[in-house]
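J.: starting from these lines, generate the structure:
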Amino acid sequence: MGCFYPPQEVIADIELLRTLPQRELRAGIYESIKAGLIRDAALFRFIESHRELIDKGDPVSIEKMVAASIRIKAEVVTLDEREFGVRMFLNFGHTLGHAIEATSGYRALLHGEAIAWGMMAALDISRRRNMVTEAAARRIETLIRYFQPPPLPSVSAKRLLQAASGDKKNRAGVRRFVLLQGLGDAVVAEDVSDAEVLAAIASIRRLSESGK
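T.: Here you go, the predicted model:
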């Protein structure tokens, strides 16, 4: 199955989702939050206002969330099939998310859970750069944490930094990081420093350890 063969049809069985453990459902919800953050503030606001229903598996709310997420991904892939530009936005949270997965042997967290922490790390960098308002940052962090991502695995910041430096999105030795300028407004930065990444790692570790 080739990476660049678009599907002729996408089928999402909402009833099947209702058979999943809550942890698996939440892992998918994080990816829908990501879709809203990078391209559709309305989707973010919908998840924000319907979070209790979504978390309980309400089929109507989940159907709307899933349909919007699929639409966003289809739009982005159509605009940039081979990931030269806007498709990079789909990797929001994945630079450190992939690093968390790799350094923990893909055993500690589900993919969506690792991405949740990766999104909060990218949010921390965006916040420190004054790219996103404090009010928006608090809303984003509050929504992600509402769905209770499990604690981060015990991996050193140095190993996470090394893993992030080898991420597939990096090109010609340049670390490419997807950051936020606001709700539904992503941008690719190519000048994120080691110090910024380490500060972001420290930030999400404090959140993980606080459990609040």
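
J.: lowest-confidence helix or strand of this structure?
T.: Ranked by mean pLDDT, DSSP states H and E, the weakest helix or strand in the chain is helix 14-17, scoring a mean of 89.

J.: buried sites along that one?
T.: 14, 17 (16 or more other C-beta atoms under 10 Å). For the C-beta atoms, the positions are set from N, CA and C on the backbone; glycine is no exception.

J.: for the helix or strand following it, packing partners?
T.: Beyond helix 14-17 on the C-terminal side, the first helix or strand identified by DSSP states H and E is helix 22-39. Packed against helix 22-39 by the contact rule (3 or more C-beta pairs under 8 Å, 6 or more residues apart in numbering; DSSP states H and E) you find helix 41-49, helix 51-55, helix 59-79, helix 111-128, helix 134-146, strand 177-182, strand 185-189.

J.: give the buried residues for the fifth one.
T.: The one in question is helix 134-146. Quick answer for helix 134-146 (16+ other C-beta under 10 Å): 136-137, 139-141, 143-144, 146.

J.: equivalent analysis for the first one, please.
T.: For helix 41-49, the buried set under the neighbour-count rule, 16+ other C-beta under 10 Å, comprises 43-44, 46-48.

J.: any regions of the protein where pLDDT drops low?
T.: Low-confidence segments of the chain, defined by pLDDT under 70: 1-4, 80-85, 167-174, 212.

J.: can you do 90?
T.: Where the chain drops to pLDDT under 90, the residues are 1-12, 16-18, 73-89, 165-176, 210-212.

J.: and which of the buried residues of helix 134-146 is nearest Gln181?
T.: Ala136 (9.5 Å; C-beta to C-beta).

J.: which ones are touching that closest one?
T.: 180, 182-183 (C-beta atoms under 8 Å, 6 or more residues apart in numbering).

J.: kindly report the same for Val77.
T.: Applying C-beta under 8 Å, 6+ apart, the residues contacting Val77 are 6, 87, 90.
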